[in-house]
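Asker: Only the shape, not the letters, is given here:
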């Protein structure tokens, strides 16, 4: 889709901190992270909703793989997977968490975006790529 920001990122028309890529999916760090290592996994082909992705099972298996790498890279206790439709291109949020896992994980506090410097994004992205 011509005016889709994520399609432009995937094509390299907009900058990103890429952490993962295969033939179907593209992983980047979120530019407004709620935690260090907050990543997004995007299908390379434009789909509006995550459930529209024909390889739905593979999509979530890839999110799991990336989530484990994020967890290792930033030393998180657990990883939260979240989808919604605010941006009209399917994407899975992969958010490392360090909350007390004895509380209900689905009620984990959603934090304000972190302000990270370009260098910090690059360092985190490199750690995640190495953890894969």
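Answerer: Looks like it came in fine. Keep in mind it's a predicted model, so treat the numbers as computed, not measured.
Asker: Tell me where the chain has helices.
Answerer: 5-11, 56-74, 118-131 (DSSP state H).
Asker: and residue 75, how many residues sit next to it?
Answerer: By other Cβ atoms under 10 Å, 11 other residues sit near residue 75. (C-beta placed from N, C-alpha, C; glycine too.)
Asker: wait, residue 2
Answerer: Counted with other Cβ under 10 Å, residue 2 comes out at 6.
Asker: can you give me phi and psi for it?
Answerer: Per-residue torsions, residue 2: phi -60, psi -40 (degrees, to the nearest 10).
Asker: wait, residue 80 sits on residue 97?
Answerer: Yes. Because the distance of 5.4 Å satisfies Cβ atoms under 8 Å, residue 80 is recorded as touching residue 97.
Asker: Okay, now the unreliable bits of this protein?
Answerer: The model of the chain has pLDDT under 70 over residues 99-114.
Asker: so what's the spatially closest residue to residue 121 that is not a sequence neighbour up against?
Answerer: Distances taken as Cβ to Cβ, 6 or more residues apart in numbering place residue 17 nearest to residue 121, at 4.6 Å, with adjacent residues excluded. Residues in contact with residue 17 (Cβ atoms under 8 Å, 6 or more residues apart in numbering) are 28, 29, 121, 122, 124, 125.
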